[in-house]
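Colleague: Okay, here's the prediction I keep looking at, along with the sequence it came from:
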Amino acid sequence: MSNDRSALETVPKSISYAWNCLSIPRPSSPTCPADYGSYLALSPATSQRMQLSSSCNSAYGSPESVSLKPLSITDCMLGADVIHRLAWSIDVIERLCVGYYNYPITCCVIKRLFLNTLSAVRRDIEGNWRGRSRHEIALLISENTRTPLHISASTSALEAHELWTGSKLRWEAIGLIFALAGVTVYLLTQKAVIVALEKCRLPKNPSFKEFSETMATAGNHCQTLYQECGTPNDLSLLFSYMDSLHLANLHGDADPLLWRRMGDVSTEIFTLGFYNISDDLTSVPFWLIEQRKRVIAAAYKSDKTLSSFLNRPPRIPRHFCTPTPPLDLSDDEIVLEGPALGAAVASLDENGWSTDDRVKSTSWARLKLILSQSREELLEISFQQTGEDLSDRLKTIADDLRSTWESLPKKLKEHDSSSPRSVVYSYSTSIDYRHCVFATERLQCRTGNSSPSLLRSSRDLLNEVLAFAKHGCLGDDLEVEILRDLPWFLLYFGLPAAGVLCAELRAHTQEGTPLPSFISRTEVIRNLYVFVSTLGWFNSPEYRYTDLCTAASEKLGDEIDEVINAALCPVSSQAHSVAFGDIEGTTALGNNVLRQHESQPLGPDVSFLAWLDSVDWNNTMAMMPTY
């Protein structure tokens, strides 16, 4: 201790001030676990990593040679807390993230870029940080974060991590590690996460949710420190976007922190000028251009998903930001250089698609972006207040959707059972496409055109959702992961389609008229009952949205029973308008698609429609799963 005191007299006042801050007891905070001390208690190995010493020659340089700006007491404590959490969790994070990149997940962060960053930070913890206090390290990281991050055209993807690790470590880099670890918790199976936690032999093994909350708290601290010290850059944009995905999975869409983070993402995109990405290789390396395209495409897609579901205006409008699809190259191909890179790019077709039989993670990202661009056009129409005829515009959107889908590589539209992971993505994208078609047909109702195409698109969408649900109920580790998110697909995509089919079935039953020749009444009834049964299957607390699935199952089941048991009798011509009538005041893409207009009542027996209209979707659902 005497050595520490003598060293304290020779270091700058800013570091002395920071060390003194640590003698202040940590205040209680709603973001920290109640048993914070025991929960984050260091194992002997981790304690050795973080030991204090007055003499240390490391990559950071000696304290006497560094002039640091002082931090507030709060920032000093936040920084020390981040370093503490990183030290005890680095083993778990490494296990999870390495496993995460073994799957063809549509991650916007280049694999080698992230894993090199993670390895460098681990080396810091085990080497360069030894002999320094957590507060001194926090001050050094804050000073690095104040320095603008510049990536030159000559920077290799395999060496880029050196710009924000080691002696140049930044809060954005640490935050990205926490954010991706948090996302990984929800994409890998719970079994894989639990095994990783147990193998790392923490002093107190946190639960699945506790670990996720700890990653979110640490990420929030990093955001606070970065925003106070630094300016937007490529690394901070990656961090903010991945953190938004983690917060969405942890808290849901209605959480204010998530919406603030999504605001950070859109702000950084426009601040950095990434609304129009240049392909000029004289100032930016090829891999960075593709990295930017990936994160912009991912952010754009997430923005449209949230906006369409919650019926809110998009934060990244296409009139001011036109994302360019990333090339259909793998992570390993993107980091190539010279002739090898040229050969990889030359193997693509004129539209940027890979010509081989492999389906890459970027393939799904490109497809999601294309569908999101059509989705935004539908959003614009749903928010439009003018009375102009939208029929021609909607027809154009529908035609473009179908032609785009037909022009896609065949490998993206097939459900290849030999590749279970690819089946997940092929189903999720085909469901997304059919939902866009369904929404287009639904918006046609504004024009007064009661087209049977809506019935066809509803049937196709529900059939695809049920096929995906069947695939997810097989029982192995992969399907356990699907089951965790399957209720979301059932409610977001399946419920509106089932509602339209049920309303149309009721209308034809009451009128005593048959359904159109292209659809079977028996098929509709059978699929509706299967859908109801599938919803009711998720009645366990281990699944998300249990209450909503149970309520939807009961309401829709009662509605179908009434339709089947009802005696044929004349009914007002207004009954048919429930399926094809005016939808003013509704969102064509969200779950209020069946909102009943006041002038078109069906009678007291439409309990399902009334229930569907009363659901508070803003506070019920979480973000779309990240695949």
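Modeller: Done, it's in.

Colleague: Tell me which helix or strand the spatially most central residue of the chain sits in.
Modeller: Centrality entry for the chain: nearest residue to the mean C-alpha point is Leu245, 3.8 Å, by Cα atoms, centre = their mean. Of the helices and strands defined by DSSP states H and E, Leu245 is found in helix 234-251.

Colleague: Just the buried positions in the helix or strand following that helix, please.
Modeller: Remark: after helix 234-251, the chain's next helix or strand is helix 256-271, criterion DSSP H and E. Burial within helix 256-271, assessed by neighbour count using 16 or more other Cβ atoms under 10 Å, is assigned to 257-259, 261-262, 264-266, 268-269. C-beta coordinates here come from the backbone N, C-alpha and C atoms, glycine included.

Colleague: For the nearest residue in space to Lys411 that is not next to it in sequence, which three-state class applies?
Modeller: Take Lys411 and drop its neighbours on the chain: the residue closest to it by Cβ to Cβ, 6 or more residues apart in numbering is Val359, 5.5 Å away. Look at Val359: counting by DSSP: H, G, I helix; E, B strand; the rest coil, its state is coil.

Colleague: Distance-wise, check Val530 relative to Asp279.
Modeller: The spacing between Val530 and Asp279, counted by Cβ to Cβ, to the nearest Å, is 48 Å.

Colleague: element containing the closest residue to Asn249 other than its chain neighbours, please.
Modeller: The shortest distance from Asn249 to any residue other than its chain neighbours is 4.3 Å, reached at Tyr186 (Cβ to Cβ, 6+ apart). Of the helices and strands defined by DSSP H and E, Tyr186 is found in helix 171-187.

Colleague: would you put the C-alpha positions of that helix in PDB?
Modeller: The C-alpha trace of helix 171-187 is given here as PDB (Å, rounded to 0.1, in the frame of the first residue of the first chain):
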ATOM      1  CA  TRP A 171     -15.000   2.400 -25.300                       C
ATOM      2  CA  GLU A 172     -16.600   1.600 -28.600                       C
ATOM      3  CA  ALA A 173     -14.600  -1.600 -29.000                       C
ATOM      4  CA  ILE A 174     -15.400  -2.800 -25.500                       C
ATOM      5  CA  GLY A 175     -19.100  -1.900 -26.000                       C
ATOM      6  CA  LEU A 176     -19.200  -3.900 -29.200                       C
ATOM      7  CA  ILE A 177     -17.900  -7.000 -27.400                       C
ATOM      8  CA  PHE A 178     -20.600  -6.700 -24.700                       C
ATOM      9  CA  ALA A 179     -23.300  -6.000 -27.400                       C
ATOM     10  CA  LEU A 180     -22.400  -9.000 -29.600                       C
ATOM     11  CA  ALA A 181     -22.100 -11.300 -26.500                       C
ATOM     12  CA  GLY A 182     -25.600 -10.100 -25.500                       C
ATOM     13  CA  VAL A 183     -27.100 -10.800 -29.000                       C
ATOM     14  CA  THR A 184     -25.400 -14.200 -29.000                       C
ATOM     15  CA  VAL A 185     -27.200 -15.200 -25.800                       C
ATOM     16  CA  TYR A 186     -30.500 -15.000 -27.700                       C
ATOM     17  CA  LEU A 187     -29.400 -16.600 -31.000                       C
END
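
Colleague: buried sites along it?
Modeller: If you call a residue buried by 16+ other Cβ under 10 Å, then helix 171-187 has these buried ones: 171-187.

Colleague: the more surrounded of Val530 and Asp279?
Modeller: Val530 (15 against 10; other Cβ atoms under 10 Å).

Colleague: for that one, what are its contacts?
Modeller: If a contact means Cβ atoms under 8 Å, 6 or more residues apart in numbering, then Val530 has Leu466 as its contacts.

Colleague: so it, which of the three states?
Modeller: Note that with three-state DSSP, the state of Val530 is helix.

Colleague: Next one: it from Val563, what distance?
Modeller: Distance of Val530 to Val563, given as Cβ to Cβ: 16 Å.

Colleague: And Leu149, by the same measure?
Modeller: Using Cβ to Cβ, one gets 61 Å for the distance from Leu149 to Val563.

Colleague: Report the rounded mean pLDDT for stretch 556-564.
Modeller: Throughout stretch 556-564, pLDDT has a mean value of 85.

Colleague: Flag every buried residue along that stretch.
Modeller: With the criterion 16+ other Cβ under 10 Å, stretch 556-564 contains buried residues 556-557, 559-560, 562-563.

Colleague: remind me which residues of the stretch 251-400 of the chain are low pLDDT?
Modeller: Low-confidence segments of the stretch 251-400 of the chain, defined by pLDDT under 70, span residues 254, 385-389.

Colleague: ranges for the helices of it?
Modeller: Under the criterion DSSP state H, counting those that start in this stretch, the stretch 251-400 of the chain contains helices at 256-271, 286-310, 331-334, 338-346, 361-383, 391-407.

Colleague: try the stretch 51-200 of the chain
Modeller: Per DSSP H, counting those that start in this stretch, the stretch 51-200 of the chain carries helices over the ranges 73-100, 111-123, 134-146, 171-187, 190-199.

Colleague: To Leu443, which of those helices lies closest?
Modeller: Each of the helices of the stretch 51-200 of the chain has some distance to Leu443 by Cβ to Cβ; the shortest is helix 171-187, at 32.6 Å.

Colleague: What mean pLDDT does the closest one get?
Modeller: In this model, helix 171-187 has a mean pLDDT of 93.

Colleague: Which elements pack onto that helix?
Modeller: Packing partners of helix 171-187 (3 or more Cβ pairs under 8 Å, 6 or more residues apart in numbering; DSSP states H and E): helix 73-100, helix 111-123, helix 134-146, helix 208-229, helix 234-251.

Colleague: domain ranges for the protein?
Modeller: 2-268, 273-387, 414-619 (automatic domain parsing).

Colleague: Looks like the residue nearest to Lys411 contacts Ser422 (just checking).
Modeller: Yes - using Cβ atoms under 8 Å, Val359 is in contact with Ser422, at 5.4 Å.

Colleague: pLDDT wise, what is Leu490 at?
Modeller: Here, the pLDDT recorded for Leu490 equals 89.

Colleague: what sits against it?
Modeller: The contact partners of Leu490, taken as Cβ under 8 Å, 6+ apart, are 465, 469, 531, 534-535, 538, 549.

Colleague: Ok, Leu115 next?
Modeller: 97-98, 101.

Colleague: likewise Ile277?
Modeller: With contacts taken as Cβ under 8 Å, 6+ apart, Ile277 has the following neighbours: 289, 292-293, 296, 323-324.

Colleague: which of those residues tops the neighbour count?
Modeller: Compared across the contacts of Ile277, Ile296 has the highest neighbour count, 28 neighbours, by other Cβ under 10 Å.

Colleague: Spatially, what comes nearest to it if we skip its sequence neighbours?
Modeller: Pro323 (4.7 Å).

Colleague: Same check on Asp357?
Modeller: On the basis of Cβ to Cβ, 6+ apart, the spatially nearest residue to Asp357 that is not a chain neighbour turns out to be Lys411, at 6.2 Å.

Colleague: Quick check: the one you found vs Ser422, distance?
Modeller: Look at Lys411 and Ser422: by Cβ to Cβ, they are 9 Å apart.
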